[in-house]
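Engineer: when you get a sec, could you give me coordinates for this:
(2 chains)
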Amino acid sequence: MISVKRVVLDVLKPHHPNALEFSQTIAEVGPDYRVHLTVIEVDENTETVRVVVEGNAIDFEAIQTAISKLGGSLHSIDEVEVQGGPDNI
Amino acid sequence: MDLLKQASYLLRITRTHGIARRYFVVNGFDGALTMLGLNLGFLVSTPTELSVIISVCLGAAIALGMSGLSSAYVSESAERRRALTKLEAAMVTNLQESSHGEAARWVPMLIALVNGSAPLTISLIILTPLWLSNAGFRLPLSPLYAAIIIALMLIFLLGAYLGRISGVSWLRSGIQTLSVALVTAALIYFFAGA
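Structural biologist: Residues are numbered from 1 along each chain as shown, chains lettered A, B, ... in the order given. Okay, here's the model as predicted:
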């Protein structure tokens, strides 16, 4: 079983919801998700953020849906960490 | 509770908490002042049956409520659509399915509800002594005087609330709005009572 342990995403988001609410909503997607968000650039209506999500088995589709629901737009996946093996569910 | 949380979230992401609060105070003030004016008008004119006074006041309260509901919905819908279009242009994406799209559909309804219910509710509270008296309850003073006193109290409370949220003295703010009501009362006595 292959599981995603860590993803680093480049996301464009509106100012609201703010970084805290944005991270909290993503963290709520999985039971053990740890989210680290860094604001890279701020424009008049939007901000570019770097979102690092760590977890035992990250559901990428669900994260993408959560980002879209929050009004964000996923620009790129900058880093991934994937682990294979029978015990990693 | 979830519904309230969701409503609060939508108001927060569109930064319309302040607008809803402002509408509540402005239209609540409208409702209270209108009821004050009507009751004072009836007080200084030839004695009228209580049921007639209630019907007139209720008609005005419903009209104020509907006016608040429809005007806020129309204006806020346009505002929210404009804000969403601007955000979509900045994001270069369609946001109809996002919380922002949801907010553009729901926030005008929420604000319209606040704007419509504020004058209606406040008017109904002011009319309580008239209803009680009409239903046979004995009040310590004339129902019209009681309604006027309640209207003045609510106007003071709206001012005090404004003072509290703006961080200035609630007493001073309450007295300010009460002064407006007293000037209105004086004008009504001067013009209608003459």
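Engineer: quick one: name the residues of chain B near chain A.
Structural biologist: B:9, B:12-15, B:86-87, B:90-93, B:95, B:97-100 (C-beta under 8 Å from any C-beta of the partner chain). Yep, even glycine has a C-beta here, placed from its N, CA and C like the rest.
Engineer: how does it look with 7 Å?
Structural biologist: B:12-13, B:15, B:86-87, B:90-91, B:93, B:95, B:97-100 (C-beta under 7 Å from any C-beta of the partner chain).
Engineer: turn those into TSV, columns for pLDDT and secondary structure.
Structural biologist: Compiled in TSV, those are given as follows (pLDDT from 0 to 100; DSSP: H, G, I helix; E, B strand; the rest coil):
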residue	pLDDT	secondary structure
B:12	86	helix
B:13	86	helix
B:15	85	coil
B:86	93	helix
B:87	92	helix
B:90	91	helix
B:91	91	helix
B:93	88	coil
B:95	91	coil
B:97	89	coil
B:98	92	coil
B:99	91	helix
B:100	93	helix
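Engineer: what subset of the residues you listed is buried?
Structural biologist: The neighbour-count criterion (16 or more other C-beta atoms under 10 Å in any protein chain shown) marks B:13, B:87, B:90-91, B:95, B:98-100 among these as buried.
Engineer: buried set for stretch B:39-48?
Structural biologist: Here stretch B:39-48 shows B:39-43 as buried, counting by 16+ other C-beta under 10 Å.
Engineer: please apply the same query to stretch A:54-63.
Structural biologist: A:54-55, A:57-59, A:63.
Engineer: ok, stretch A:6-15 near chain B or not?
Structural biologist: Yes. Judged by C-beta under 7 Å from any C-beta, stretch A:6-15 and chain B are in contact via A:12, A:14.
Engineer: same thing with stretch A:36-54?
Structural biologist: Yes. Stretch A:36-54 comes into contact with chain B (C-beta under 7 Å from any C-beta), by way of A:45-46.
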